[in-house]
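Chemist: fold the following for me, if possible:
(2 chains)
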Amino acid sequence: MNWPLAPILLPLLTALVTLFWGRSSLPRRWFVAVSATMQLVVALHLTADTVLGRTFVLGLGAWPAQFGIVLVVDLLSAIMLSLSALITLASVLYGYAETSVRLEHPLRATLTQFLVMGINLTFCTGDLFNLFVAFEIMLIASYALLTLEADDWDIKHAFPYVAINLFGSALFISACGLAYKLFGTLNFAEISLRAALLTGDFRLHLLALVLIVVFGIKAGLFPLYYWLPNSYPTLPIPTSALFAGMLTKVGVYVLLRMFATVLPHELTFAHTLLAWLAGATMVLAVMGAISRNFIRGILSFHILSQIGFMVLAIGFFTPLSLAACVFYIVHHIVVKSSLFLIGGVALRLNGTDDLDRMGNLWKHTPWLGLLFLFQALSLAGIPPLSGFWGKYLIVVVGLQEREYWLVGASILASILTLFSMLKIWNGAFWTVSNSVPLRTGDRRWVGMTTVVAGLTVVSLVIGFGAEGVLRIAMQAAERLCDQQGYAREVLAYLGKAGGNLSP
Amino acid sequence: MTGPQSYIFKTVARFLFFLVNVFALYLLLRGHNFPGGGFIAGLATAISLILLSLAIGLEELHRVMRFDPVRLAAAGLTLAVVTGAAPMLFDRPFLEHFDMHFSNVPFIGGFHAGTPLVFDVGVYLVVVGVACKIIFALGKSTQRLRALVAEEEARYSSRVEQPIEEEVRTEPEPAQNPTIPDAT
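Modeler: Here you go, the predicted model:
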């Protein structure tokens, strides 16, 4: 009965134990790795159960759904939980390969687990205010991680991140107030029932716009993304992979949840706005990526450009486009994190990630080059790799909807993505230069590459098994849009009021 | 972060320390059914500690308290989580609470006790720990003391880490205040 809680409770307990454990040591590392593996197993178990049509509902404190906070795990939540557990595990293992036990920051494991707890709570919650709490846990942990192993320069770039996200939180709590005034409840299921009666009310549109701004800041939509591309490169590599993979996608997930499950589907103005903002995001951000000349900077801008694709799919708002969005999220999280990790290996080998001073990687470490090729081409959308299918579906929906400008923008963004990936390829892998040192003597890169190889295998499986993944994504999107079904499942939880506590 | 250098202030602050804490205890116990609870009680206790630090100074306070605020907060969080998770062992939902009414207790009469109080104590400890940590870290930075004492440094900082304010900290101290101890 308490299964939806496991993805939240496990990271929390792990964080507490590591906090008491103090200094980093080998047993402590094993403990965190085992816990991360267990989280992955639990998340996969939840996914396996939800694929079969089950939805987990848990009222905290056994209060009925109308009065208490409910945790709801449906298929989309379970998929997101699995992805977050996978990326966390990869980031933890990569961190172990990269840093010796003696030099590991003792708080990194703790804060990462708190961050994961916030992320997972965002995916599980069925309550708007609880969502705010989850965001706060996630953000505060991310502020701390951003400035944990930082110097003056990093702090300077962390400042806009903290400032803008604090503003976003203030706006979010205002939106919660607005929603409560409007609906008299903050429970997603009840909001969805009551909002259906308010269709056409301008206050509903206002709420939708405020929510677009709030989650647009978090996801990194066009006019609101300037905090991201300078702050992510300052992070240590494993943490930046976790941030790049999960944090912005939390914003996309919440946009999906809000517009598909909670708010009425007739908010066409908000959907159109989302689509055009997304179009602007993908083109402008990919141009930003071209303007950068170091790997982490290029990749940070690419996060935003890819967010554009996902939000464009939400903006089209057809069942197929929402499935495409889910597929794209799955593909993107794995690919983007592994690209950051590959960038980290290249940085370790060359001693820099400034493309002008890199080189020789293809000649001496072809395996790394191969991994990079798979993931970079997948990001750009070359068939049959995973990125192609998501983009293909989005373009198909765009053509169906006759949004030719937006389709053109997405194709332009894909070509420019390919261009900037080739820039990394030429600068770091293909250049042969005698003046560039290659530190293959430092054997740490082998372990780091192994972790990336694991992620690459996952991404290749997504690409070659696209049909199966797409079928699951379709099911997730279908259940995401089924407001009546969602409300029925959640409100059926009576807790204490029903006497019968088994679901 | 030291307050006015007056005997009256120091004496009153020490006296108030106990008064505020008794009030905090009252808030904590009352919180189940009335306004109050662990959060506000924790803030009251944190205020009493800040007041005490104004009277006797941060370093002296650390010597007297002998606890690490982060660990206090972590202990509180553990207590709260364990209280919340305990019903799960009996296949009940997370965070479900139970209470009992005792009647005819000698000297008190009837009273009401329940697991929410344990949870509230956890919240109380978290708030005390976090509030103290934040205020003390800010206070220390204004006095150019290091944010972490030696024991905390062993737990919460990396071996390669350097304080960010290193340059500020090592510049020559102003002449009119020569008694600041060496921060290493």
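
Chemist: flag every residue of chain B that's near chain A.
Modeler: B:70-71, B:74, B:77-78, B:81, B:85, B:88, B:91-97, B:154-161, B:164 (CB under 8 Å from any CB of the partner chain). C-beta: built from backbone N, CA, C; applies to glycine.

Chemist: one more time with 6 Å
Modeler: Listed as neighbours of chain A in chain B under the rule CB under 6 Å from any CB of the partner chain: B:Ala74, B:Thr78, B:Met88, B:Pro93, B:Phe94, B:Leu95, B:Glu96, B:Arg155, B:Tyr156, B:Ser158, B:Val160.

Chemist: now, which of those residues sits nearest A:Leu58?
Modeler: B:Pro93 (6.0 Å; CB to CB).

Chemist: which non-adjacent residue is nearest that closest one?
Modeler: In space, and not counting its chain neighbours, B:Pro93 is closest to A:Ala62: 4.5 Å by CB to CB, 6 or more residues apart in numbering or on different chains.

Chemist: OK, contacts around the one you found?
Modeler: By CB atoms under 6 Å, 6 or more residues apart in numbering or on different chains, the contact set of A:Ala62 is A:Gly495, A:Lys496, B:Pro93, B:Glu96.

Chemist: cool, and A:Leu312?
Modeler: Applying CB under 6 Å, 6+ apart, we find A:Leu312 in contact with A:Ala275, A:Ala278.

Chemist: how about A:Ala144?
Modeler: A:Leu111.

Chemist: again, only this time at 8 Å
Modeler: A:Ala144 makes contact with A:Leu107, A:Leu111, according to CB atoms under 8 Å, 6 or more residues apart in numbering or on different chains.

Chemist: B:Leu77 too?
Modeler: A:Leu12, A:Leu16, B:Gly122, B:Leu125, B:Val126.

Chemist: what about the strands in chain B?
Modeler: B:99-105, B:109-114 (DSSP state E).

Chemist: got the angle for the longest helix along chain B vs strand B:99-105?
Modeler: If you go by DSSP state H, chain B has its longest helix at helix B:115-142. Interaxial angle of helix B:115-142 relative to strand B:99-105 (axes from the mean of the first three to the mean of the last three CA atoms, to 10 degrees): 100 degrees.

Chemist: for helix B:115-142, buried residues please.
Modeler: Using 16 or more other CB atoms under 10 Å in any protein chain shown as the test for burial, helix B:115-142 gives B:115-133, B:135-136, B:139-141.

Chemist: which elements pack onto the lowest-mean-pLDDT helix or strand in chain A?
Modeler: Here the helix or strand of chain A ranked lowest by mean pLDDT, DSSP states H and E is helix A:361-364, holding a mean of 85. When contacts are defined as 3 or more CB pairs under 8 Å, 6 or more residues apart in numbering or on different chains; DSSP states H and E, helix A:361-364 packs onto helix A:319-350, helix A:366-380.

Chemist: residue furthest from the geometric center of chain A?
Modeler: A:Asn434 (39.5 Å; CA atoms, centre = their mean).

Chemist: low pLDDT regions in the chain?
Modeler: By default, I'm working from chain A. For chain A, residues meeting the criterion pLDDT under 70 lie at A:1, A:499-503.

Chemist: meant chain B, my bad for not saying
Modeler: Counting by pLDDT under 70, chain B shows low-confidence ranges at B:1-4, B:161-184.

Chemist: at 80 what do you get?
Modeler: B:1-5, B:32-33, B:104-105, B:107-113, B:144-151, B:153-154, B:158-184 (pLDDT under 80).

Chemist: number of residues surrounding the closest residue to B:Glu152 other than its chain neighbours?
Modeler: Spatial nearest neighbour of B:Glu152, excluding adjacent residues (CB to CB, 6+ apart): B:Asp68 at 5.9 Å. Burial of B:Asp68 is recorded as 20 neighbouring residues (other CB atoms under 10 Å in any protein chain shown).

Chemist: these two touch, right, B:Asp68 and B:Ala154?
Modeler: No - in this structure, B:Asp68 is not within contact of B:Ala154 by CB atoms under 8 Å, at 10.6 Å.

Chemist: hmm, back to that, and which of the contacts of A:Ala62 is nearest to A:Thr112?
Modeler: B:Pro93 (27.8 Å).

Chemist: next, count neighbours for that closest one.
Modeler: Neighbour tally, B:Pro93, other CB under 10 Å: 23.

Chemist: and if you look at B:Ile50?
Modeler: Around B:Ile50 there are 19 residues (other CB under 10 Å).

Chemist: tell me the spacing between the residue located most distally from the centre of chain B and A:Tyr232.
Modeler: Residue farthest from the centre of chain B, counting by CA atoms, centre = their mean, is B:Asn104 at 35.8 Å. Distance from B:Asn104 to A:Tyr232, counting by CB to CB, to the nearest Å: 64 Å.

Chemist: now the helices for chain B?
Modeler: Using DSSP H, the helices found in chain B span residues B:7-30, B:38-56, B:58-65, B:69-89, B:115-142, B:150-156, B:166-170.

Chemist: in CSV, list these along with distance to A:Leu182.
Modeler: Formatted as CSV, the entries for the helices of chain B read as follows, by distance: least, CB to CB, whole Å:
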stretch, distance to A:Leu182
helix B:7-30, 34
helix B:38-56, 28
helix B:58-65, 48
helix B:69-89, 31
helix B:115-142, 31
helix B:150-156, 44
helix B:166-170, 50
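
Chemist: just checking, the residue farthest from the centre of chain A is part of a helix?
Modeler: No - membership of A:Asn434 in a helix is not supported by DSSP: H, G, I helix; E, B strand; the rest coil, which gives coil.

Chemist: picking up where we left off before, and which of the contacts of B:Leu77 is nearest to A:Phe301?
Modeler: Using CB to CB, the contacts of B:Leu77 come closest to A:Phe301 at A:Leu12, 33.5 Å.

Chemist: element containing that closest one?
Modeler: If you go by DSSP states H and E, A:Leu12 is part of helix A:6-21.

Chemist: need the residues of chain A near chain B, please.
Modeler: Proximity of chain A to chain B (CB under 8 Å from any CB) is limited to residues A:1-2, A:5, A:9, A:12-13, A:16, A:19-20, A:22-23, A:58-62, A:102-107, A:149-152, A:155, A:495, A:501.

Chemist: give me the ChimeraX select line for those, limited to the buried ones.
Modeler: Listed next is the ChimeraX selection for buried residues among the residues of chain A next to chain B, using 16+ other CB under 10 Å:
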select /A:1,2,5,9,12,13,16,19,58,59,60,61,62,104,105,106,107,149,150,495,501
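
Chemist: filter the residues of chain A next to chain B down to the ones in strands?
Modeler: A:Leu58, A:Gly59.

Chemist: what segments of the stretch 351-500 of chain A are strands?
Modeler: For the stretch 351-500 of chain A, strands defined by DSSP state E, counting those that start in this stretch do not occur.
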